[in-house]
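Chemist: sequence unknown, structure follows:
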C-alpha cells in the first residue's frame with residue numbers, strides 16, 4: 001500500500017498544498033466558505049463605511065435644518081412683533097386723528113361763535129351808527 005493510502009486511512013490527506021486532516025471535498029468547501037466569509041466581511045465593512053458616511057451627512061443636514069428652523073422661528077417672531085408694533089402705531093395715529101378731529105370741531109364751533117359775535121357787533125355798530133345819524 002502506498003504512503004498516501006495509509007495516510008488517507010488514518011484521516012490525513014495529502015495534496016500539492018501539503019497534508020490536511022480533512023477530506024479534499026470538505027477542504028475545498030471550507031476554503032470556499034473562507035473566501036465567501038472574507039468577501040462578506042469586506043462587504044460588511046464597506047456597508048458600515050457607507051452607513052457611517054450617511055449618518056455623518058444626515059447629522060450635518062440635521063444641524064443645517066435645525067439652524068434654519070430656528071432662523072425661521074426668529075423671523076416669524078419678528079413678523080409677529082412687527083404686526084403688534086404696526087397695530088400699536090395705527091391705534092396711536094387713530095387716537096391722534098380723533099384728537100385733531102375733536103380739536104377741529106371745537107375750533108369750528110369757536111369760529112362760528114366768533115362769526116356770530118362779529119355779526120352781532122357789526123349789527124350793533126350799524127344800529128348805533130344809524131341811531132346817531
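Modeler: Now that the structure is in, tell me what you want to look at. Worth saying up front: this structure is predicted, and the values here are computed from it rather than measured.

Chemist: Centroid-nearest residue for this structure?
Modeler: Among the residues of the chain, the one closest to the centroid is residue 69, at 2.1 Å (Cα atoms, centre = their mean).

Chemist: Which strand or helix spans that one?
Modeler: helix 24-132 (DSSP states H and E).

Chemist: Flag the shaky bits of this protein, pLDDT-wise.
Modeler: 1, 3-21, 133 (pLDDT under 70).

Chemist: what's around residue 124, how many residues?
Modeler: 10 (other Cβ atoms under 10 Å). (C-beta placed from N, C-alpha, C; glycine too.)

Chemist: Would you mind measuring from it to residue 113?
Modeler: According to Cβ to Cβ, to the nearest Å, residue 124 stands 16 Å off from residue 113.

Chemist: What of residue 95?
Modeler: Distance from residue 95 to residue 113, by Cβ to Cβ: 27 Å.

Chemist: With residue 72 instead?
Modeler: Applying Cβ to Cβ to residue 72 and residue 113 gives a distance of 61 Å.

Chemist: what's the answer for residue 87, then?
Modeler: For residue 87, the distance to residue 113 - Cβ to Cβ - is 39 Å.
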